[in-house]
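Colleague: compute the structure for the input listed below.
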Amino acid sequence: MADLVADANAARPVSAGGSGSATSVGGNDNFNLYGSDLASAATVNLANATGSIVNITGTVTITALGTVAAGAERVLVFGGVLTFTHNATSLILPGGANITTAAGDVATMRSKGSGNWICTDYQRANGAPVAIPASTTIVTPTLTLKQSAAPAPTAEGDIQWDTDDNVLVIGDGAAQQIFVPLPASTAAGDLLYLSGAKVYTRLPKGTAGQALVMNAGATAPSWVSIPFTKSYESAQQTITAGGTLTLAHGLGVQPKLYIAVLQCTTANLGYSIADEVAINPALNTTDANVQAISMVPDVTNLNIRIGANSSSLKILNKGGTGLNDITNTSWRLVFRAWA
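Modeller: Modelled structure (predicted):
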């Protein structure tokens, strides 16, 4: 009798209909053994598995898993890259499409009986989701913002639509940040200015050489054409009686305006060094002596001729008491041109 009692209380092996353990945890572990590896093949017969968790080795395409009683679960751990083939009846996979496995991927399969299986979970080793078939249509939900005539959100990230001014108002944790939409038909080079507290207005880009100024009403910027866009100034030129100068101005066109000035380099006629005197070339002459310069511009140069008198020019002295001959060596000529 004692032997029978001891035998009845002993843990029975799984193969004899027991759990193989004296505890519930141990019994559960015995029912979920890590079985021997199975090689990949067209049909991987899970009826031959020695545990509920099975490593699948190799890279052969799998199309079936054999016949196991309905409700049985097997966990497959793939050791490499292969094609796990979807079948709407016998091998149902997530997304209704084939899966290309990778080493470390895990598929949980549940038998439906009669050789049919369904994958109840698939985890990729890299954490990425199982691919969604190209034929699947993803419907994007419509997002509708909170709206009011005078929104004043303060919570960080709270986004609302101002229905009066048609702007986005976003809370920054203390106050509001305003985001104004672009006007219609904006293009590269356009300028935007505020024509209202929350209104952008588009100013199309101007043409070459135009300048940006405030309009006559001082209400908005506008483009205007300016008379000159290029300028030239020569270095100081020595005054040589009867001499000529050819000065390349680099403007690319014939200047519209050009002048000559005298710059004092040694005190003369009451003028100090660095004083500058504008001259009128056509009027600096007398009946008896040629005291003048001529300037003839073209698209490349200013062509200068200096009067032959030893004092090439006559100017009003700094005291304003009379016209006097300059001392050529006390002055230099500088020429300026605009186009």
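
Colleague: is the residue nearest to residue 236 when sequence neighbours are not counted in a helix, a strand, or coil?
Modeller: Spatial nearest neighbour of residue 236, excluding adjacent residues (C-beta to C-beta, 6 or more residues apart in numbering): residue 332 at 3.6 Å. The C-beta positions use only the backbone N, C-alpha and C, and glycine is treated the same way. Three-state assignment for residue 332 (DSSP: H, G, I helix; E, B strand; the rest coil): strand.

Colleague: let me see the contact set for residue 332.
Modeller: Contacts for residue 332 (C-beta atoms under 8 Å, 6 or more residues apart in numbering) come out as 236-239, 262-263, 265.

Colleague: the stretch 1-150 of the chain: helices as residue ranges?
Modeller: 2-9, 24-31 (DSSP state H, counting those that start in this stretch).

Colleague: which of these comes out lowest on mean pLDDT?
Modeller: Mean pLDDT is lowest for helix 24-31 out of these, coming in at a mean of 59.

Colleague: hey, where'd the strands end up in the stretch 1-150 of the chain?
Modeller: Taking DSSP state E, counting those that start in this stretch, the strands of the stretch 1-150 of the chain run over residues 38-39, 53-57, 73-78, 83-84, 91-92, 99-100, 106-113, 116-123, 146-148.

Colleague: cool, and the stretch 151-300 of the chain?
Modeller: Residue ranges of the strands in the stretch 151-300 of the chain, as given by DSSP E, counting those that start in this stretch, are 159-162, 167-171, 176-179, 191-196, 199-203, 210-214, 221-225, 231-233, 237-238, 244-248, 257-264, 276-279, 293-297.

Colleague: show me what the fifth one is packed against.
Modeller: When you say that, I think you mean strand 199-203. strand 191-196, strand 221-225 (3 or more C-beta pairs under 8 Å, 6 or more residues apart in numbering; DSSP states H and E).

Colleague: please convert those to CSV, extending it with mean pLDDT and mean neighbour count.
Modeller: Formatted as CSV, these follow (pLDDT from 0 to 100; neighbours: other C-beta atoms under 10 Å):
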stretch, mean pLDDT, mean neighbour count
strand 191-196, 94, 12
strand 221-225, 94, 13
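
Colleague: coming back round to it: the strands of the stretch 151-300 of the chain into CSV, with extra columns for distance to residue 74?
Modeller: Formatted as CSV, those follow (distance: least, C-beta to C-beta, whole Å):
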stretch, distance to residue 74
strand 159-162, 49
strand 167-171, 52
strand 176-179, 55
strand 191-196, 65
strand 199-203, 64
strand 210-214, 76
strand 221-225, 75
strand 231-233, 88
strand 237-238, 101
strand 244-248, 92
strand 257-264, 95
strand 276-279, 101
strand 293-297, 97
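
Colleague: closest to residue 55 out of these?
Modeller: strand 159-162 (50.5 Å; C-beta to C-beta).

Colleague: give me the phi and psi for residue 209.
Modeller: When read as degrees, to the nearest 10, the backbone of residue 209 gives phi 90, psi -10.

Colleague: count of residues packed around the nearest residue to it once chain neighbours are set aside?
Modeller: Among residues not flanking residue 209 along the chain, residue 229 sits closest, at 4.4 Å (C-beta to C-beta, 6+ apart). For residue 229, the neighbour count with other C-beta atoms under 10 Å is 13.

Colleague: the residue nearest to residue 236 and residue 226, how far apart?
Modeller: 30 Å (C-beta to C-beta, to the nearest Å).

Colleague: ok, back up a step: any idea which of the strands of the stretch 151-300 of the chain gets closest to residue 81?
Modeller: strand 159-162 (44.8 Å).

Colleague: what's the closest one in contact with?
Modeller: Against strand 159-162 from outside (C-beta under 8 Å, 6+ apart): 145-151, 153, 167-171, 198.

Colleague: what of stretch 314-321?
Modeller: 262, 269-271, 275, 277, 279, 284-286, 291, 322-326.

Colleague: if we use 7 Å, what do you get?
Modeller: Stretch 314-321 is contacted by residues 262, 269-271, 277, 279, 284, 286, 291, 323-326 when judged by C-beta atoms under 7 Å, 6 or more residues apart in numbering.

Colleague: stretch 230-247 now?
Modeller: Against stretch 230-247 from outside (C-beta under 7 Å, 6+ apart): 249-251, 263, 301-310, 312, 328, 331-339.

Colleague: what about 6 Å?
Modeller: With C-beta atoms under 6 Å, 6 or more residues apart in numbering as the test, stretch 230-247 has contacts from 249, 251, 301-306, 308, 310, 312, 328, 332-339.

Colleague: inside strands: which ones of those residues?
Modeller: Residues of the contacts of stretch 230-247 located in strands (DSSP state E): 301-306, 332-338.

Colleague: narrow the residues you listed to those that are buried.
Modeller: 302, 304-306, 332-338 (16 or more other C-beta atoms under 10 Å).

Colleague: closest to residue 109 out of the residues you listed?
Modeller: residue 338 (87.5 Å).

Colleague: the closest one reaches residue 228, doesn't it?
Modeller: Yes - Residue 338 lies in contact with residue 228 (C-beta atoms under 6 Å); the separation is 4.1 Å.

Colleague: lowest-pLDDT helix or strand in this protein?
Modeller: Taking mean pLDDT, DSSP states H and E as the measure, the chain has helix 24-31 as its least confident helix or strand, at a mean of 59.
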